[in-house]
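Q: this one's sequence-less:
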């Protein structure tokens, strides 16, 4: 007998991430990779972390850093995060903050908290692949979240009930989203709050890239807009804000957070206790040290670097892409989303590109809950220098031109 025969039904919904597989290509030196949505390791604040760990392990914090800790997270870190939340209009206290092992763990917990088999999650078309991976284990159905369409909350709810469950939350990445690089407008954010109140569902606001704005005017987070509507009371809000240090300070330390009303935080704490007790204490202490002393200056540094790379990629796309190809123009973050003529398939293009042009990217269909979007692809400018970006887009333009002429 194979143990696979007694796996839970949820195991059939778990699939390998195409992006995780593509990251293996980064070990091949002749590949120009626009595939991984990861920060440039050359920009990590290594010296600051060396100092932070040295201090944490040599001073009075050493015993605390190596010991079990509270599930809620390191109190000084939660205090720092709460202040950051207040600065962007979210009236949070440290008690409204739970530290997680990256925002990915937060998505998994929230899927577990809200979704029963057959329930509906409202997501973008496309949406973050990691969110689909986190939610899939809880056997949901997906519906397309399009806040500025003419669909009513009653329509979303009726379709969810017809499918045998209930709509439970709307999930969206609001600033410079993975994969599209797009930013949700203020009008769309306000409409999401309207829908959530009408349907009595939660809103999961994924803010992993919020700090990486290069251009334009910042839009208040959904949680800030909702709190302003509701008298500045976070306890009256349906929105759950997920933040992360992965795109600003370090992804390897796996430190993220959830900011929400206390009933949500309290339930997530119980999940945290059952899952891993708490996130690594020593890493939280180190993140606190670096955030308190270097966050603003370091984020300014990486913004400047990524802005320059984005500009090179946009200029190269303009120069080398054939007619019929379009792309987003992000105001921040790490991604550009390319839409090809419908006759082309991103997965087929990737296979050919790896053979002939040695350029990697992510086929776009992976980001659609229904597997559509075959004529799209995601490009990341975060980990390549400007010369490689220019050369890689030139090669990609050549590949797509030849494919259209074939």
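A: Yep, it's here. What you see is a predicted model, and the numbers here were worked out from it, not measured in a lab. Numbers count the residues shown, from 1 in each chain.
Q: helices of the stretch 101-250 of the chain, residue ranges please.
A: 102-114, 129-136, 153-162, 186-199, 222-229 (DSSP state H, counting those that start in this stretch).
Q: CSV for the ones you listed, including distance to residue 306?
A: Every residue, glycine included, has its C-beta placed from N, CA and C. Converted to CSV, those look like this (distance: least, CB to CB, whole Å):
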stretch, distance to residue 306
helix 102-114, 19
helix 129-136, 20
helix 153-162, 36
helix 186-199, 24
helix 222-229, 24
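Q: to residue 398, which of those lies closest?
A: helix 129-136 (27.5 Å; CB to CB).
Q: now that closest one and helix 102-114, what's the angle there?
A: 30 degrees (axes from the mean of the first three to the mean of the last three CA atoms, to 10 degrees).
Q: which of the helices of the stretch 101-250 of the chain sits closest to residue 305?
A: Among the helices of the stretch 101-250 of the chain, helix 102-114 comes nearest to residue 305, with 22.2 Å by CB to CB.
Q: so how far is residue 52 from the closest residue to residue 246 other than its chain neighbours?
A: Spatial nearest neighbour of residue 246, excluding adjacent residues (CB to CB, 6 or more residues apart in numbering): residue 102 at 5.9 Å. Going from residue 102 to residue 52 by CB to CB, to the nearest Å gives 18 Å.
Q: all strands for the stretch 1-150 of the chain, in order.
A: 32-33, 97-100, 120-123, 141-144 (DSSP state E, counting those that start in this stretch).
Q: next, format these as a markdown table and append mean neighbour count, mean pLDDT and distance to residue 277.
A: Shown next, in a markdown table, are those (neighbours: other CB atoms under 10 Å; pLDDT from 0 to 100; distance: least, CB to CB, whole Å):
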| stretch | mean neighbour count | mean pLDDT | distance to residue 277 |
| --- | --- | --- | --- |
| strand 32-33 | 22 | 94 | 36 |
| strand 97-100 | 26 | 98 | 12 |
| strand 120-123 | 26 | 98 | 28 |
| strand 141-144 | 18 | 98 | 32 |
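Q: distance of residue 390 relative to residue 330?
A: 18 Å.
Q: what of residue 365?
A: Residue 365 is 21 Å from residue 330, by CB to CB.
Q: pick out whichever of the two has more residues nearby.
A: residue 330 (28 against 19; other CB atoms under 10 Å).
Q: what's the nearest residue to the more buried one if we skip its chain neighbours?
A: residue 181 (3.1 Å).
Q: distance of that neighbour from residue 362?
A: 13 Å.
Q: all strands for the stretch 151-300 of the chain, in order.
A: 167-173, 202-206, 239-244, 256-259.
Q: ok, which of the ones you listed comes nearest residue 144?
A: Among the strands of the stretch 151-300 of the chain, the nearest to residue 144 by CB to CB is strand 167-173 (10.8 Å).
Q: and the closest one with helix 186-199, angle?
A: Using the same axes, to 10 degrees: strand 167-173 against helix 186-199 is 170 degrees.
Q: for strand 167-173, which strands pair with it and how are they oriented?
A: Next to strand 167-173 in the sheet, as set by DSSP bridges, lie strand 120-123 (parallel), strand 202-206 (parallel).
Q: now the first one, how far from the chain's geometric center?
A: Distance, stretch centre to chain centre, for strand 120-123: 16 Å (CA atoms, centre = their mean, to the nearest Å).
Q: ok, residue 361 - contacts?
A: Contact analysis of residue 361 by CB atoms under 8 Å, 6 or more residues apart in numbering lists 34, 35, 346, 350, 353, 377, 378, 379, 396.
Q: and the fourth one, its phi and psi?
A: It stands for residue 350. With angles defined as degrees, to the nearest 10, residue 350 sits at phi -60, psi -40.
Q: dig out what the residue nearest to it when sequence neighbours are not counted forms beta bridges with.
A: Take residue 350 and drop its neighbours on the chain: the residue closest to it by CB to CB, 6+ apart is residue 363, 5.5 Å away. Beta bridges link residue 363 to residue 377, judged by DSSP bridges.
Q: need the contact list for residue 363.
A: If you count contacts by CB under 8 Å, 6+ apart, then residue 363 has 18, 345, 346, 347, 349, 350, 374, 376, 377 around it.
Q: now stretch 53-73, how far from the chain's geometric center?
A: For stretch 53-73, the distance to the chain centre is 28 Å (CA atoms, centre = their mean).
Q: again, but for stretch 282-292
A: Distance, centroid of stretch 282-292 to centroid of chain: 21 Å (CA atoms, centre = their mean).
Q: list the contacts of that stretch.
A: 45, 48-49, 51-53, 55-57, 61, 64-66, 69, 73-74, 76-77, 80, 99, 245, 249-250, 253-255, 298.
Q: out of those, which end up buried?
A: The neighbour-count test (16 or more other CB atoms under 10 Å) marks 45, 48-49, 51-53, 56, 61, 65, 69, 73-74, 76-77, 80, 99, 245, 249-250, 253-255, 298 as buried among the contacts of stretch 282-292.
Q: the residue nearest to residue 350 and residue 324: what is the separation?
A: 18 Å.
Q: residue 284 now?
A: 49 Å.
Q: before we move on, what about residue 347?
A: 19 Å.
Q: where does the prediction get shaky in this structure?
A: Within the chain, the segments meeting pLDDT under 70 span 1, 15-27.
Q: rerun that using 80 as the cut-off
A: 1, 6, 9, 11-28, 59, 406 (pLDDT under 80).
Q: I'd like the next helix or strand past the longest helix along it.
A: Longest helix of the chain, by residue count under DSSP state H: helix 281-320. Sequence-wise, the next helix or strand downstream of helix 281-320 (DSSP states H and E) is strand 326-327.
Q: so what strands line up beside that next one?
A: strand 335-339 (antiparallel).
Q: off-centre distance for the partner strand?
A: 16 Å.
Q: hmm, who's touching it?
A: 37, 126, 176-182, 310, 313-314, 317, 321, 325-330, 364, 375-381.
Q: same thing but at 6 Å, please
A: With CB atoms under 6 Å, 6 or more residues apart in numbering as the test, strand 335-339 has contacts from 178, 179, 180, 181, 326, 327, 328, 376, 377, 378, 379, 380.
Q: measure the residue most central in space within the chain to residue 39 for me?
A: For the chain, the residue sitting closest to the mean C-alpha position, by CA atoms, centre = their mean, is residue 208 at 5.0 Å. Residue 208 sits 11 Å away from residue 39, taking CB to CB as the criterion.
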